[in-house]
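Visitor: dropping a prediction and its sequence here:
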Amino acid sequence: MHKQQCGIAALSTAVLVLSGALPRPGAHAAVTPPAPALAYVANGQVAVIEAGNLTVAGTGQNPLWAPNASSLLFDAPDMMAGNMIISVADQHGANAHVIVSRANPAVNPSWSPDSQYVLYTIAAPGAKAKGPMVTLQVRAMRLATGATKTLGTFTFAGGCSLASSALQAAFAQAQGSYLGAPSTLIWAQPATVVVQSSCTGQGLTLLKVGGGAVQTLKGWSGGVLSPDGKSVVASAGGGKVGIIAVASRSTKVLAPKLSPGSLVWLPNSKQVFTISQPVNPATGMVSVVRFSPDGKTTSTLGSVRAAAGFHLSLNHLGDHLVMALVASGSPKVGAPPAVSVVDVPALSPGVPTPIIAGGQPAWRP
């Protein structure tokens with residue numbers, strides 16, 4: 001919708017360098033790689049930096065690129081009406097338009113792995129809330145036609161308090177999820193859906209598309225589907241990481257205690273990155289850790305003193321990560337600590353480097 005070039009040239013060049021997209025001196029590549037694009041949120045606006053331009057997609061949060069990089073999804077919660085408005089922009093973050101105006105705000109929308117469908121939840125028709133419990137449907141909208149289908153129904157445990165400290169407000173700004181809690185909505189095509197089933201982030205529900213048994217994993221949260229579609233990695237509670245096998249819906253809790261926050265896979269599905277969260281937000285360290293899906297090998301890529309880190313995202317070359325970092329602060333702090341997007345090398349240890357003020361970063365695939 002809106003483009004600016006003043007004051008961002010240096011930042012855009014830094015983003016290009018971090019992504020590895022600038023050619024080496026004397027190099028003559030046969031194919032020019034696409035310019036990297038970084039989506040993020042600042043001052044309640046979803047923006048995209050690409051090739052020296054800043055494009056403001058619109059008011060919202062939770063920017064999420066389609067797996068094929070064709071479109072950018074984001075949402076804007078209308079908490080007064082109890083709804084969520086879902087919008088889609090093009091591959092540059094421009095020409096945003098609303099595709100769903102009355103989704104349920106408890107679970108963030110997402111993409112299907114084939115990039116053809118946008119997933120979201122709505123209140124199940126005719127269902128009545130029972131205290132904090134509400135029945136929700138998982139819907140899949142085919143972006144090309146607007147046609148929708150229901151993938152399954154599950155019970156969501158709400159009732160979380162809207163009250164928050166200044167530190168929690170910074171967490172919500174950095175993370176972008178409903179009330180700052182982890183949110184998961186995955187369609188492991190064709191048969192399995194994994195969805196967050198509690199606004200506290202404690203509980204994943206596994207649905208079989210077309211009906212059948214519903215399985216809830218208490219204490220689990222923040223699932224991410226592997227690029228090969230075979231596994232979901234998630235926080236399993238107690239500082240542990242868990243793996244869900246898509247085909248059998250069986251689960252395994254890994255041995256290392258990584259205190260996982262956001263999770264992201266390498267494109268080959270053989271390594272996972274996570275943000276290890278500090279116990280003490282005032283004095284602790286946030287670390288980016290790489291580990292194997294069996295949990296047998298782990299390595300720390302970088303650490304920085306901070307209250308928390310969120311929204312880990314890997315660039316299209318697989319050599320740099322970004323995350324939203326909340327500056328150190330006590331739960332009793334009067335004003336929200338600063339939130340910034342930080343770059344972390346993905347292939348070897350390095351120093352996390354702030355690159356822009358804002359949160360919820362996402363590299364375009």
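Guide: It's in. Computed from a predicted model, the values in this text were never measured in an experiment. Residues are numbered from 1 along each chain as shown.
Visitor: against residue 201, how distant is the closest residue to residue 237 other than its chain neighbours?
Guide: Spatial nearest neighbour of residue 237, chain neighbours left out: residue 219 (3.1 Å); criterion: Cβ to Cβ, 6 or more residues apart in numbering. Placement of C-beta: from N, CA and C, glycine included. According to Cβ to Cβ, to the nearest Å, residue 219 and residue 201 sit 10 Å apart.
Visitor: the more surrounded of those two?
Guide: Neighbour count, other Cβ atoms under 10 Å: between residue 219 and residue 201, residue 201 has more, with 23 against 16.
Visitor: what ranges do the strands span in the stretch 51-200 of the chain?
Guide: 53-59, 61-65, 71-78, 83-90, 97-103, 110-111, 117-123, 133-142, 148-157, 185-188, 192-196 (DSSP state E, counting those that start in this stretch).
Visitor: which one of the ones you listed lies closest to residue 364?
Guide: Closest approach to residue 364 among the strands of the stretch 51-200 of the chain is made by strand 61-65 (5.0 Å; Cβ to Cβ).
Visitor: for the closest one, enumerate the helices and strands it packs against.
Guide: Applying 3 or more Cβ pairs under 8 Å, 6 or more residues apart in numbering; DSSP states H and E, we find strand 61-65 packed against strand 37-42, strand 45-50, strand 71-78, strand 110-111, strand 359-363.
Visitor: mind doing that once more with 6 Å?
Guide: Here strand 61-65 touches strand 71-78, going by 3 or more Cβ pairs under 6 Å, 6 or more residues apart in numbering; DSSP states H and E.
Visitor: the residue nearest to residue 237 sits in which helix or strand?
Guide: Residue 219 belongs to no helix or strand when elements are defined using DSSP states H and E.
Visitor: got phi/psi on it?
Guide: Reported as degrees, to the nearest 10, the phi and psi values for residue 219 are phi 90, psi -10.
Visitor: just to revisit the earlier point, which stretch among the strands of the stretch 51-200 of the chain comes nearest residue 353?
Guide: Residue 353 lies closest to strand 53-59 among the strands of the stretch 51-200 of the chain, at 19.8 Å (Cβ to Cβ).
Visitor: in stretch 151-161, what's buried?
Guide: For stretch 151-161, the neighbour count (16 or more other Cβ atoms under 10 Å) marks 151-158, 160 as buried.
Visitor: low-scoring pLDDT stretches of this protein, where are they?
Guide: The chain contains residues with pLDDT under 70 at 1-34, 161-163, 178-180.
Visitor: tell me the centre residue of it?
Guide: In the chain, the residue lying closest to the centroid (Cα atoms, centre = their mean) is residue 311, at 5.1 Å.
Visitor: which strand or helix spans that residue?
Guide: strand 308-314.
Visitor: and the residue nearest to residue 334 when sequence neighbours are not counted, how far from residue 270?
Guide: Among residues not flanking residue 334 along the chain, residue 166 sits closest, at 6.1 Å (Cβ to Cβ, 6+ apart). Remark: distance between residue 166 and residue 270 (Cβ to Cβ) = 40 Å.
Visitor: many thanks, have a good one.
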